[in-house]
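Q: Below are the sequence and a predicted model for it; my questions follow.
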Amino acid sequence: MKLGFVSAILADQNLDEVLGFAAAEGFSCVELMCWPLGKAERRYAGVTHIDVAELNDGQVAEIKNKVVERGLSISGLGYYPNPLCSDRDEAQVYIEHLGKVIDACAKLGVNVMNTFIGRDPAKSIDDNWPRFLEVWKPLVSRAEDKGVRIGIENCPMYFSSDEWPSGKNLAISPAVWRRMFEDIPSDSLGLNYDPSHLLWQQMDYLKPIKEFSEKLFHIHAKDARVDVEALNEVGILATPLEYHTPKLPGLGDVDWGSFLSVLGQAGYTGPVCVEVEDRPYERTLAGRQGALRQSARFLRNFMTEELVD
């Protein structure tokens, strides 16, 4: 396994600074954000460490050199919009940029693009399904042609009232994953697996690892703390942030020793990237960098040098 981090938390640093920090702190890889230039409304979105819209051969060579010179690798290119949103014009913008990120992966020699399936939160899973197939069959085909794998993160994207009632990402559970992979049977479609999202949904985050071992393209290392008293007060149908809090690895309820052990036993050798979404650490750049250091120090307790490299 290779220990890395998701670059979204270093939004105010450029690519050189992100890579320099990663190398100085002994990380092996970085998932680099590739949102279109400009601000986004959602927290952790709108971060552009590689602008894929106008990526030419000279820029590709320069990025590759910067990564290699620092002894790093790019674990994946990340872009997490909602390509199934109800506004078709808005969705088309997302779909077209997803295609550009896939193409950028091929140019840079990066074999994984990480993203969301998306979802119209006003519709059921069944009612979203035809649109899922319409959007994702061509994108997966494009990825196949380019030799790129798509890692779908299992985050429900249901945290606040504007994502009510069912969130903005379909890929929330093993039942949905099976259906996805049955309806689009491709070696280029898999998961960017984050155990914290299963935990706060009151689900087993270890059991799916064996069944979906061949579909684990990328791992996000984020923790979550479930406030049992709050959950007992508001119930699981409440807005999820009413009863759980995203945390750094080791500060929540995920058993990281068990998780990484089961992951290794399943044959996973890919990237494990820290995703910082822990508000107390996010007030300053020093705090965000400190969060990455603290997370790496904790996770290395369960990842030997042989596994890290």
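A: Ah, there it is.
Q: so where's the stretch 201-309 of the chain uncertain?
A: Residues of the stretch 201-309 of the chain that meet the criterion pLDDT under 70 lie in 304-309.
Q: can you map out the strands along it?
A: 216-221, 223-226, 244-247, 271-274 (DSSP state E, counting those that start in this stretch).
Q: So which of the ones you listed is nearest Asn169?
A: Among these, the nearest to Asn169 by CB to CB is strand 216-221 (13.3 Å). Just so you know, the C-beta spots here come from the backbone N, C-alpha and C atoms, and that holds for glycine as well.
Q: what's the offset of that closest one from the middle of its chain?
A: How far strand 216-221 lies from its chain's middle: 7 Å, per CA atoms, centre = their mean, to the nearest Å.
Q: for stretch 219-238, same thing?
A: With CA atoms, centre = their mean, you get 19 Å for stretch 219-238.
Q: contacts for it?
A: If you take CB atoms under 8 Å, 6 or more residues apart in numbering as the criterion, stretch 219-238 is touched by 1, 6, 153, 192-194, 196-197, 199-200, 202, 242-254, 256, 263, 268, 270-277, 295, 299.
Q: Also stretch 142-150?
A: Residues contacting stretch 142-150 (CB under 8 Å, 6+ apart): 99, 102-103, 105-106, 110-115, 139-140, 186-190, 217.
Q: for stretch 159-168, same thing?
A: 82, 85, 116, 118-119, 121-124, 156-158, 239-241.
Q: Buried deepest among the strands of the stretch 201-309 of the chain, which one?
A: Highest mean neighbour count among the strands of the stretch 201-309 of the chain (mean count of other CB atoms under 10 Å): strand 271-274, with a mean of 27.
Q: Packing partners of that strand?
A: Contacts defined by 3 or more CB pairs under 8 Å, 6 or more residues apart in numbering; DSSP states H and E place strand 271-274 against strand 2-6, strand 29-33, strand 73-78, strand 216-221, helix 285-299.
Q: can you tell me which of the contacts of stretch 159-168 are in strands?
A: Using DSSP state E, no member of the contacts of stretch 159-168 sits in strands.
Q: now these: which count as buried?
A: Buried members of the contacts of stretch 159-168, counted by 16 or more other CB atoms under 10 Å: 82, 85, 116, 118-119, 121, 156-158, 240.
Q: What is the nearest of those residues to Leu55?
A: Distance to Leu55 across the buried ones among the contacts of stretch 159-168 (CB to CB) is lowest for Phe116, with 22.0 Å.
Q: Correct me if wrong: the closest one contacts Gly151.
A: No - Phe116 lies out of contact with Gly151 (CB atoms under 8 Å); the separation is 10.3 Å.
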